[in-house]
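Peer 1: Requesting a structural model of the entry that follows:
(2 chains)
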Amino acid sequence: DTAVSQTPKYLVTQMGNDKSIKCEQNLGHDTMYWYKQDSKKFLKIMFSYNNKELIINETVPNRFSPKSPDKAHLNLHINSLELGDSAVYFCASSQPQEKLFFGSGTQLSVL
Amino acid sequence: GQNIDQPTEMTATEGAIVQINCTYQTSGFNGLFWYQQHAGEAPTFLSYNVLDGLEEKGRFSSFLSRSKGYSYLLLKELQMKDSASYLCAVVNAGKSTFGDGTTLTVKP
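Peer 2: Numbers count the residues shown, from 1 in each chain, chains lettered A, B, ... in the order given. Presented below is the predicted three-dimensional model:
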């Protein structure tokens, strides 16, 4: 059983399109996250949810909108995609202050 | 603010020992994690320190000095499969902030 699963693994799309990435965890964790890893491999937090409530919202353009229907799911919707959005997006979960469990990543390529 | 520094690249020989350093300046501190990330894969947990001292886990050890804002990851008996990026992450108020990572290349 995959602990943190995200789909799709690859996403290729045109500038201006809207896309979503889904994430689910079966670890019973209270907290879920979205991280972005750019081409230089720098891993930067975007959002964090605790029990469906947004607790961290870094300086991310409002074209990015996370949604958590329940504590096991955290989806990421991106509007009006731009070239600079190309990156690998990782979902993760943890108990507070504990180690992160990452999903396998979604490689987003905006053409 | 948060500032976490690691060397960008390191090279070592199979069977040797390598130490990857991490220095940090953060507004708060609840612990420091080390993660390993192979190319094209997700980061995976290696080690955690919250108190000063050494934590040993098989071939991997991690050290923390909170007063110096310093940690290192020690890898012993290096194997080719240890070629990967090693990420230092400081946790504060539920948020993990990552360093830029150190790419380790193990050569035969």
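Peer 1: Show me the shaky parts of chain B.
Peer 2: B:1 (pLDDT under 70).
Peer 1: what does it put close to chain A?
Peer 2: Chain B comes close to chain A at residues B:30-31, B:33, B:35, B:37, B:41-45, B:48, B:85, B:87, B:89, B:91, B:94-98, B:100-101, B:103, as judged by Cβ under 8 Å from any Cβ of the partner chain. Any C-beta I mention is one placed from the backbone N, CA and C, and that applies to glycine too.
Peer 1: try 7 Å this time
Peer 2: Applying Cβ under 7 Å from any Cβ of the partner chain, we find that chain B lies next to chain A at B:30-31, B:33, B:42-43, B:45, B:48, B:85, B:87, B:91, B:94-96, B:98, B:100-101.
Peer 1: Among these, name the buried ones.
Peer 2: B:31, B:33, B:42-43, B:45, B:48, B:85, B:87, B:91, B:94-96, B:98, B:100-101 (16 or more other Cβ atoms under 10 Å in any protein chain shown).
Peer 1: sorry, back to before: let me know the closest of the residues of chain B next to chain A to A:Thr2.
Peer 2: Of all those, A:Thr2 sits closest to B:Ala42, with 11.0 Å by Cβ to Cβ.
Peer 1: which bits of chain A sit near chain B?
Peer 2: A:31, A:41-43, A:45, A:48, A:55-56, A:90, A:96-97, A:99-100, A:102-105.
Peer 1: ok so, going back, widest-spaced pair of the buried ones among the residues of chain B next to chain A?
Peer 2: The widest separation within these (Cβ to Cβ) is 23.9 Å, between B:Ser85 and B:Gly94.
Peer 1: Isn't B:Asp5 up against B:Asn21?
Peer 2: No - using Cβ atoms under 7 Å, B:Asp5 makes no contact with B:Asn21, being 8.3 Å away.
Peer 1: For chain A, which residue gets nearest to chain B?
Peer 2: A:Phe102 (3.8 Å; Cβ to the nearest Cβ).
Peer 1: residue contacts, the residue nearest to the spatial centre of chain A?
Peer 2: Nearest to the geometric centre of chain A sits A:Trp34, at 3.3 Å (Cα atoms, centre = their mean). Residues near A:Trp34 by Cβ atoms under 7 Å, 6 or more residues apart in numbering or on different chains: A:Met46, A:Phe47, A:Pro66, A:Leu74, A:Leu76, A:Tyr89, A:Cys91.
Peer 1: any idea which of these is the one closest to A:Thr7?
Peer 2: A:Cys91 (9.9 Å).
Peer 1: Name the secondary structure element that contains that closest one.
Peer 2: Counting by DSSP states H and E, the element that carries A:Cys91 is strand A:87-94.
Peer 1: hmm, back to that, turn the contacts of A:Trp34 into CSV, including pLDDT and neighbour count.
Peer 2: Below are the contacts of A:Trp34 laid out as CSV (pLDDT from 0 to 100; neighbours: other Cβ atoms under 10 Å in any protein chain shown):
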residue, pLDDT, neighbour count
A:Met46, 95, 18
A:Phe47, 93, 20
A:Pro66, 94, 21
A:Leu74, 96, 29
A:Leu76, 97, 23
A:Tyr89, 98, 22
A:Cys91, 98, 29
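Peer 1: quick revisit: from what I can see the residue of chain A closest to chain B touches A:Ser93, true?
Peer 2: No - assessed by Cβ under 7 Å, A:Phe102 is found out of contact with A:Ser93, at 8.6 Å.
Peer 1: Tell me the residues that contact both of these two, please.
Peer 2: What both A:Phe102 and A:Ser93 touch, as defined by Cβ under 7 Å, 6+ apart, is the set A:Val4.
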